[in-house]
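**Student:** Structural data only, the sequence is not supplied:
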């Protein structure tokens, strides 16, 4: 694995100046997200979610953003999963989008809360049938004997609910309410552009960070 130190890339696709960055971080995020979609970046809605449990150990996983507005960023999951237990112990988290093809990263930090049950119901209702069945069939993050356990659960859920499984009580949305955003644009010679927004007394303050 000694060859790893020789892997290098020069970042030269774009730049992000303070004057070009929009005044509100949400507007800047929507602009970059739209550009990622237009560039056909694979799964531009995939983001890494970092949480910290009661034992102080951090953990990460990839989840999919399903909504974003002035209230925050939303994803859906099993409320009995590891991430959910860790958020119950420590309701702060960090998100990261990495759009490799555009040499861009967006980092977001803030407090996490559950979304209103009505929002979870509305989103669950439009999910594909196999995803709705899977929400019932998978005891997420728990140890299972083999894949056959999942297939057995799928068969039982299908028999029980048919084509209209309701939202499980243990499944729903989380919303991260940002207090910090950072937009990273790769630049040549590792002199990357980093623009951070911090919420200070209800107002977003924009500042440049050294790379």
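**Tutor:** Sure, I can see it. Computed from a predicted model, the values in this text were never measured in an experiment.
**Student:** where's the spatially most central residue of the chain relative to residue 141, distance?
**Tutor:** Residue closest to the mean C-alpha point of the chain, counted by C-alpha atoms, centre = their mean, is residue 47 at 3.7 Å. Between residue 47 and residue 141 the computed distance is 19 Å (C-beta to C-beta, to the nearest Å). All C-beta atoms are positioned from the backbone trio N, CA, C, and that covers glycine.
**Student:** swap in residue 165?
**Tutor:** 21 Å.
**Student:** again, but for residue 74
**Tutor:** From residue 74 to residue 141 the distance is 20 Å (C-beta to C-beta).
**Student:** Same check on residue 181?
**Tutor:** Counting by C-beta to C-beta, the gap from residue 181 to residue 141 is 29 Å.
**Student:** Those two: which is more packed in?
**Tutor:** Neighbours per residue (other C-beta atoms under 10 Å) separate residue 181 from residue 141, with residue 181 holding more: 23 against 14.
**Student:** Identify the bridge partners of the more buried one.
**Tutor:** When assigned by DSSP bridges, residue 181 has beta-bridge partners residue 108, residue 197.
**Student:** isn't it right up against residue 108?
**Tutor:** Yes - between residue 181 and residue 108 a contact is recorded at 5.4 Å, counting by C-beta atoms under 8 Å.
**Student:** For the protein, just list every one of the helices.
**Tutor:** Along the chain, counting by DSSP state H, helices occupy 25-38, 82-89, 117-125, 129-137, 147-161.
**Student:** Mind checking those for the one nearest to residue 99?
**Tutor:** Nearest of the helices of the chain to residue 99, taken as C-beta to C-beta: helix 25-38 at 4.7 Å.
**Student:** other SSEs contacting the closest one?
**Tutor:** With contacts taken as 3 or more C-beta pairs under 8 Å, 6 or more residues apart in numbering; DSSP states H and E, helix 25-38 sits against strand 67-69, strand 92-99, strand 104-114, strand 171-185, strand 193-200.
**Student:** Contacts for stretch 99-112, please.
**Tutor:** 11-14, 29, 32, 35-36, 39, 41, 44, 72-73, 87, 91-98, 174-186 (C-beta atoms under 8 Å, 6 or more residues apart in numbering).
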